[in-house]
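Enquirer: Generate a structure from the sequence data that follows.
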Amino acid sequence: MKTILQGSQMLFVAFGSLVLVPLLTGLDPNVALFGAGVGTLLFQLVTRRSVPIFLASSFAFIAPIMFGVQTWGIGATMGGLMAAGIVYVLMGAVIKVKGVEVIHKLLPPVVVGPVIMVIGLGLAPVAVNMALGKTGDGAVQLIDGNAALWISAISLLVTISVSVFAKGFLKLLPIVSGILAGYVTSLFFGVVDFTPVVQASWLSLPNFTAPEFNINAILFMLPVAIAPAVEHVGDMLAISNVTGKDYLKKPGLHRTITGDGVATIAASMVGAPPNTTYSEVTGAVMLTKALTQSS
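Expert: Predicted coordinates:
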């Protein structure tokens, strides 16, 4: 039971970010969920199930996807993202031949750290807008601003309180506790609408979109692959520090970045956002490990 609850917390930590990317870019969240699941399984296959990490929608591609969809359409954008995934696979081959030292020389910590910070800080306005009850870009007010502030504030306070003051096993579940508190508060303010759930089909396929190959979209997406590649190196260093294992050596950075590329290619084949290793899950792994050892 404890494992299930801790696993559900990992799920909820990643879920918000996973569906936010398609919501911001106009893609289908259901397809993004499917792409993340398949991508994670493929990554684990390539890395021989040795890295405790989850792959899902990459934030670094948000602006390029939005531009690509508006300019060339979803199909051509997916073709460009598939090309970006191939770049990762080629990077993996180069690292395999030249060794991981080539990455340390090209991407030292002084480069990796700021890139990851910029990706995160660039999304801060999205978090603020959503806490105020607006869409991520702030263009549309979805729910009453006062209600949104109460919901977001209570969720944050409960999460912090459980993390700091709770005892025993409950201390392992600050994210789940915050989500439950926010959901109950949302029910109180009447902002939860069950109509789409009632009207949804019991069984249906996501709205898959096949990639189309447009040279302009491909050339546009190829340089964008550099930022997620830098982020991937940082994620591997972070999860290595958390677990005490050097994943850059075993299974090797060439395998992890190849797995990232294969996952991105698979996601783009069905119309999902490109996949990347999720730092949020690394934080949840660190929290679970630290509190388990102290209990």
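
Enquirer: Please, where are all the helices along this structure?
Expert: Here the chain has its helices, by DSSP state H, at 2-25, 29-46, 62-72, 74-98, 101-106, 109-121, 124-131, 145-165, 174-189, 195-199, 215-221, 226-243, 253-268, 279-294.

Enquirer: and the fifth one, C-alpha only, in PDB?
Expert: These are the backbone C-alpha positions of helix 101-106, laid out as PDB (Å, rounded to 0.1, in the frame of the first residue of the first chain):
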ATOM      1  CA  GLU A 101      34.100  13.400 -21.600                       C
ATOM      2  CA  VAL A 102      33.100  15.100 -24.900                       C
ATOM      3  CA  ILE A 103      29.800  16.200 -23.200                       C
ATOM      4  CA  HIS A 104      31.600  17.500 -20.100                       C
ATOM      5  CA  LYS A 105      33.800  19.600 -22.300                       C
ATOM      6  CA  LEU A 106      31.000  21.000 -24.500                       C
END
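
Enquirer: mind listing what's buried in that helix?
Expert: Residues of helix 101-106 classed as buried by neighbour count (16 or more other CB atoms under 10 Å): Ile103. All C-beta atoms are positioned from the backbone trio N, CA, C, and that covers glycine.

Enquirer: and what of the second one?
Expert: Of the residues in helix 29-46, those buried by neighbour count under the rule 16+ other CB under 10 Å are 29-40, 42-44, 46.

Enquirer: Same question for the fourth one.
Expert: Within helix 74-98, the residues that qualify as buried are 74-89, 91-92, 95, counting by 16+ other CB under 10 Å.

Enquirer: What of the first one?
Expert: Going by neighbour count (16+ other CB under 10 Å), the buried part of helix 2-25 is 6, 9-10, 12-15, 17-25.

Enquirer: coming back round to it: got a markdown table for the helices of the chain, with mean pLDDT too?
Expert: Below are those laid out as a markdown table (pLDDT from 0 to 100):
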| stretch | mean pLDDT |
| --- | --- |
| helix 2-25 | 78 |
| helix 29-46 | 95 |
| helix 62-72 | 92 |
| helix 74-98 | 93 |
| helix 101-106 | 75 |
| helix 109-121 | 73 |
| helix 124-131 | 84 |
| helix 145-165 | 92 |
| helix 174-189 | 90 |
| helix 195-199 | 87 |
| helix 215-221 | 94 |
| helix 226-243 | 85 |
| helix 253-268 | 95 |
| helix 279-294 | 64 |
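
Enquirer: would JSON lines of the ones you listed with distance to Leu205 be doable?
Expert: Formatted as JSON lines, these follow (distance: least, CB to CB, whole Å):
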{"stretch": "helix 2-25", "distance to Leu205": "16"}
{"stretch": "helix 29-46", "distance to Leu205": "9"}
{"stretch": "helix 62-72", "distance to Leu205": "21"}
{"stretch": "helix 74-98", "distance to Leu205": "16"}
{"stretch": "helix 101-106", "distance to Leu205": "39"}
{"stretch": "helix 109-121", "distance to Leu205": "32"}
{"stretch": "helix 124-131", "distance to Leu205": "29"}
{"stretch": "helix 145-165", "distance to Leu205": "33"}
{"stretch": "helix 174-189", "distance to Leu205": "28"}
{"stretch": "helix 195-199", "distance to Leu205": "17"}
{"stretch": "helix 215-221", "distance to Leu205": "25"}
{"stretch": "helix 226-243", "distance to Leu205": "28"}
{"stretch": "helix 253-268", "distance to Leu205": "16"}
{"stretch": "helix 279-294", "distance to Leu205": "27"}
